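J.: Kindly generate the corresponding structure for this input.
(2 chains)
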2 protein chains.
Amino acid sequence: MRVVHTKQQLRKALKELRSAGGSVGLVPTMGYLHEGHISLIRRARQENDVVVVSVFVNPAQFGPNEDLNAYPRDTQGDLKLMQGEKTDLAFLPRAEELYPDGYATYVELNGRMTQVLCGVSRPGHFRGVATVVTKLFNIVSPDRAYFGQKDAQQVSVIKKMVRDLDFNITIVACPTVREADGLAMSSRNSYLTAAQRAQAPVIARALFEARDRITAGERCSASLVDLIKERITTIDNATLDYVSIIDADDMSDIETIIGPTLIAVAVKLGRTRLIDNIRIEV
Amino acid sequence: MRVVHTKQQLRKALKELRSAGGSVGLVPTMGYLHEGHISLIRRARQENDVVVVSVFVNPAQFGPNEDLNAYPRDTQGDLKLMQGEKTDLAFLPRAEELYPDGYATYVELNGRMTQVLCGVSRPGHFRGVATVVTKLFNIVSPDRAYFGQKDAQQVSVIKKMVRDLDFNITIVACPTVREADGLAMSSRNSYLTAAQRAQAPVIARALFEARDRITAGERCSASLVDLIKERITTIDNATLDYVSIIDADDMSDIETIIGPTLIAVAVKLGRTRLIDNIRIEV
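T.: Numbers count the residues shown, from 1 in each chain, chains lettered A, B, ... in the order given. Just a heads-up that it's a prediction; the model follows:
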């Protein structure tokens, strides 16, 4: 595995690795890798000749009062995990490499897709995501890029951006990987105190309960939202950001559940913001 | 020369034309080709194995009260000229091909580069330019792209966008091509009445006069701006949009002329908006 820190090094290394006709898979991450990331790298390894994993805690997608500086980092641990999954190229740029002085260009998505769910409490977040992903796509020129379905809205935004801006890249969304007790894996879980960690699985269990009710015939969004809210209020010091039941494709609100449905939740446990979701095909 | 109308046709044709290691030059145009465009195609022909010329009157770069529908079109004439310059691929998409229903993604440049000169009277113009150029870059994946220096601010914006978003594409700016009497060639010159056409060269001559004064030692921007304004007021029914003397690289205002300088002018002759500029290396 080669480890590079600049765009120039990356392009040079990629030129050497990429034989004529060889495919490239990109796994963009913010590091502090867990089983969720590993599942993305494995899938990329299966489907491509060359696998590039980037680790970059992207300042552009953090708001002024968010956890940019606190975001957990473990470069040595990340490199070991990448190596274990036969990654070809690890790209670890510094912030100044991707956003030099005078940086001015951003990719923005208008419309409800970026204005609902996390778009409400994190203004500018998806602009930052779309911008850094565009940059990584231009630097790596992958054939496929891999994202976790845990960040469902991010996946939708990136798929929409790829269609709109005509990137010739396939976006592969991989299933959320969960701890044994159901908690969706996230680098931010490391912020949780032992007490918070013990209660955090309530979020996933509320989603599973809602899914089971739908399987049993429930079709009313409002009553499912109430159910999930009720469960989440049982967590100490939990502040609900949103519970939304929406069309999984265009993210429009759903009153009666028919077709592919996304149930998405964001909750703050103390100062730690956790998100989770399930997709249901009715 | 192959003529294609969809992204899919273009990608397929380009795959066949582009041999391993062969370079691709893109000339993005809005059609109604003149000698200025021809000079871009010739330069692209000299420097690349495959030459792609696009003709697309991009709705996203026109304001609501601008000349989108009136913009001159001559597809048959354009194709003939392209063929004469040994263009390999002509890409003529319909508006719905590039902006389908529900289109939502735009590339925006913050900062003064898009807020001065044409950015003042044409809000959203450079957002439209940056967006369509990003799309064309992603569709064609050129090694080089060719633009006319007549649209100096556009060239600066595109170069900045290419640096910021990490496109691996060389932007080639080609000199403004002028009529015998100095008028910068532009598709919009076709709007001019005979009387307006006769007076239009005053704009270029004012720029040349300013250049001569600088050569003769003048270094004060304000007096050169006054000179150009004076000359332009001699044109019947002319409305000055701006006369700006700015740093040719970062487009900041210049009081005393030192270093690479851009003198840029926008004037309305009746309803026809003309722009011109000269670059001076002091």
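J.: Around chain B, pick out the residues from the stretch 51-200 of chain A.
T.: With the criterion set to CB under 8 Å from any CB of the partner chain, the stretch 51-200 of chain A comes near chain B through A:98, A:102-111, A:113, A:130-131, A:134-135, A:138-139, A:141, A:160-161, A:164-168. Every C-beta, even on glycine, is put in place using the N, C-alpha and C of the backbone.
J.: List the ones among these that fall in helices.
T.: Using DSSP state H, A:98, A:130-131, A:134-135, A:138-139, A:160-161, A:164 are the members of these that sit in helices.
J.: which ones are touching the nearest residue to A:Ile258 once chain neighbours are set aside?
T.: Residue nearest to A:Ile258 in three dimensions, not counting chain neighbours: A:Val282, with 5.8 Å by CB to CB, 6 or more residues apart in numbering or on different chains. A:Val282 is in contact with A:214, A:219, A:257-261, counting by CB atoms under 8 Å, 6 or more residues apart in numbering or on different chains.
J.: now the helices for chain A?
T.: Under DSSP H, chain A gives helices at A:7-17, A:35-47, A:75-84, A:95-98, A:118-121, A:125-140, A:152-164, A:194-199, A:201-215, A:221-232.
J.: got the buried residues for the last one?
T.: The one in question is helix A:221-232. By 16 or more other CB atoms under 10 Å in any protein chain shown, the buried positions in helix A:221-232 come out as A:221, A:224-225, A:227-228, A:231-232.
J.: Can you read off the pLDDT for the residue most central in space within chain A?
T.: The residue lying closest to the centre of chain A (CA atoms, centre = their mean) is A:Asp151, at 3.6 Å. As predicted, A:Asp151 sits at a pLDDT of 97.
J.: ok, it to A:Ile139 distance?
T.: Counting by CB to CB, to the nearest Å, the separation of A:Asp151 from A:Ile139 is 21 Å.
J.: ditto for A:Thr176
T.: For A:Thr176, the distance to A:Ile139 (CB to CB) stands at 27 Å.
J.: ditto for A:Gly63
T.: Separation of A:Gly63 from A:Ile139 (CB to CB) stands at 25 Å.
J.: okay, these two: which has more neighbours?
T.: Using other CB atoms under 10 Å in any protein chain shown as the criterion, A:Gly63 and A:Ile139 rank with A:Ile139 on top: 25 against 13.
J.: Correct me if wrong: that one contacts A:Leu10.
T.: Yes - A:Ile139 lies in contact with A:Leu10 (CB atoms under 8 Å); the separation is 6.1 Å.
J.: between those two, what contacts are shared?
T.: With CB under 8 Å, 6+ apart as the test, A:Ile139 and A:Leu10 both reach A:Phe91.
J.: Stretch A:118-131: end-to-end distance?
T.: One end of stretch A:118-131 to the other measures 17 Å (CA to CA, to the nearest Å).
J.: residues of that stretch that come out buried?
T.: A:118-119, A:122, A:124-131.
J.: Return the most buried member of the helices of chain A.
T.: Among those, ranked by average contacts under mean count of other CB atoms under 10 Å in any protein chain shown, first place goes to helix A:125-140 (a mean of 23).
J.: by contact count, what packs against that one?
T.: On a contact count with 3 or more CB pairs under 8 Å, 6 or more residues apart in numbering or on different chains; DSSP states H and E, helix A:125-140 meets helix A:7-17, strand A:24-29, strand A:50-55, strand A:105-109, helix A:118-121, strand A:144-148, helix A:152-164.
J.: Show residues contacting the fourth one.
T.: Surrounding strand A:105-109, the residues in contact under the criterion CB under 8 Å, 6+ apart are A:60, A:114, A:126-128, A:130-131, A:134, A:157, A:160-161, A:164-165, B:104-110, B:130, B:160-161, B:164-165.
J.: so A:Glu255 sits right up against A:Leu224, yeah?
T.: No - contact criterion CB under 8 Å: A:Glu255 and A:Leu224 do not qualify, at 11.0 Å.
J.: So for stretch A:80-96, first residue to last residue, what's the gap.
T.: Start-to-end, stretch A:80-96 (CA to CA) is 25 Å.
J.: ok, and what's touching that stretch?
T.: A:1-7, A:10, A:13-14, A:17, A:33, A:37-38, A:41-42, A:45, A:50-56, A:59, A:75, A:78-79, A:139-140.
J.: Likewise for stretch A:206-219?
T.: Under CB under 8 Å, 6+ apart, the answer for stretch A:206-219 is A:182, A:224, A:227-228, A:231-232, A:256-258, A:261, A:263, A:265, A:276-278, A:280, A:282.
J.: and stretch A:18-34, which residues are buried?
T.: Neighbour-count burial for stretch A:18-34 flags A:18, A:24-34 (criterion: 16+ other CB under 10 Å).
J.: Stretch A:106-117 too?
T.: Using 16+ other CB under 10 Å as the test for burial, stretch A:106-117 gives A:106-109, A:113-114, A:116-117.
J.: gap between the two ends of that stretch?
T.: Start to finish, the residues bounding stretch A:106-117 are 21 Å apart (CA to CA).
J.: The closest residue to A:Leu89 other than its chain neighbours: neighbour count?
T.: Sequence neighbours aside, A:Val52 is the residue nearest to A:Leu89 in space, at 4.5 Å (criterion: CB to CB, 6+ apart). Using other CB under 10 Å, A:Val52 has 29 neighbouring residues.
J.: Correct me if wrong: A:Val52 contacts A:Ser23.
T.: No - taking contacts as CB under 8 Å, A:Val52 lies outside contact range of A:Ser23: 11.3 Å.
J.: what's near enough to touch the residue in the stretch 151-282 of chain A that chain B sits nearest to?
T.: Proximity of the stretch 151-282 of chain A to chain B (CB to the nearest CB) peaks at A:Asp164, 3.6 Å away. Applying CB under 8 Å, 6+ apart to A:Asp164 gives the contacts A:109, B:103-105.
J.: do the same with A:Arg112
T.: By CB under 8 Å, 6+ apart, A:Arg112 lies in contact with A:250-252.
J.: For it, give its distance to B:Gly128.
T.: From A:Arg112 across to B:Gly128, the span is 22 Å (CB to CB).
J.: ditto for A:Gly63
T.: 28 Å.
J.: how about low-confidence regions in chain A?
T.: Within chain A, no stretch has pLDDT under 70.
J.: Try it again at 90.
T.: For chain A, the stretches flagged by pLDDT under 90 are A:18-21, A:249-250, A:282.
J.: Show me how the record splits chain A into domains.
T.: What automatic domain parsing lists as the domains of chain A is A:2-174, A:187-277.
J.: Kind regards, and thank you for your time.
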